[in-house]
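1. Make a model of this:
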Amino acid sequence: MGKDKVQGEGNYDAAREYDEEVRAHAANPERVKKEAEAAKKALEGKEGEELRKAEEEGKSHAKG
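-> Numbers count the residues shown, from 1 in each chain. Below you'll find the model as predicted:
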């Protein structure tokens with residue numbers, strides 16, 4: 001990105017890079033499946049209660 005490129009109210013280059021990375025990640029079904037299995041295992045394991053509490057804490061701050 002050139003220094004003279006105006007970003008305004010957001011960094012469009014960073015947003016575009018993030019979107020591309022998210023799409024690439026989601027397009028890999030093996031990777032997504034592996035991560036989903038790891039998350040399920042974590043929820044069912046000893047850290048599950050802590051993860052659920054963190055989720056509720058996050059939801060309490062959400063708007064809408």
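2. Where does the residue positioned nearest the centre of the chain sit: helix, strand or coil?
-> Residue closest to the average C-alpha location in the chain (Cα atoms, centre = their mean): residue 22, at 8.3 Å. At residue 22 the chain is in helix, as set by DSSP: H, G, I helix; E, B strand; the rest coil.
3. Pass me the low-pLDDT residue ranges in the chain, would you?
-> Residue ranges of the chain with pLDDT under 70: 1-7.
4. What segments of it are helices?
-> Ranges of helices in the chain, per DSSP state H, are 12-26, 29-44, 48-61.
5. Which other helices and strands does the first one contact?
-> In other words, helix 12-26. With contacts taken as 3 or more Cβ pairs under 8 Å, 6 or more residues apart in numbering; DSSP states H and E, helix 12-26 sits against helix 29-44. C-betas here are computed from N, CA, C, even on glycine.
6. if we look at the helix it packs on, which residues are touching it?
-> Defining contact as Cβ atoms under 8 Å, 6 or more residues apart in numbering, one finds that helix 29-44 is touched by 25, 26, 48, 51, 52.
7. Let's have the residues you listed in CSV, adding distance to residue 58.
-> CSV is the format used below for the contacts of helix 29-44 (distance: Cβ to Cβ, whole Å):
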residue, distance to residue 58
25, 21
26, 21
48, 16
51, 11
52, 11
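8. Pull out the buried members of the residues you listed.
-> Taking 16 or more other Cβ atoms under 10 Å as the criterion, nothing in these is buried.
9. residues near residue 10, how many?
-> Neighbour count for residue 10, taken as other Cβ atoms under 10 Å: 8.
10. before we move on, what about residue 12?
-> Residue 12: 13 neighbours (other Cβ under 10 Å).
11. The one 4 residues further on now?
-> Summarising burial for residue 16: neighbours were counted as other Cβ under 10 Å, giving 10.
12. Look up how far residue 24 lies from residue 18.
-> 11 Å (Cβ to Cβ, to the nearest Å).
13. Ok, residue 33 next?
-> Distance from residue 33 to residue 24, by Cβ to Cβ: 16 Å.
14. What of residue 44?
-> For residue 44 relative to residue 24 (Cβ to Cβ), the value is 29 Å.
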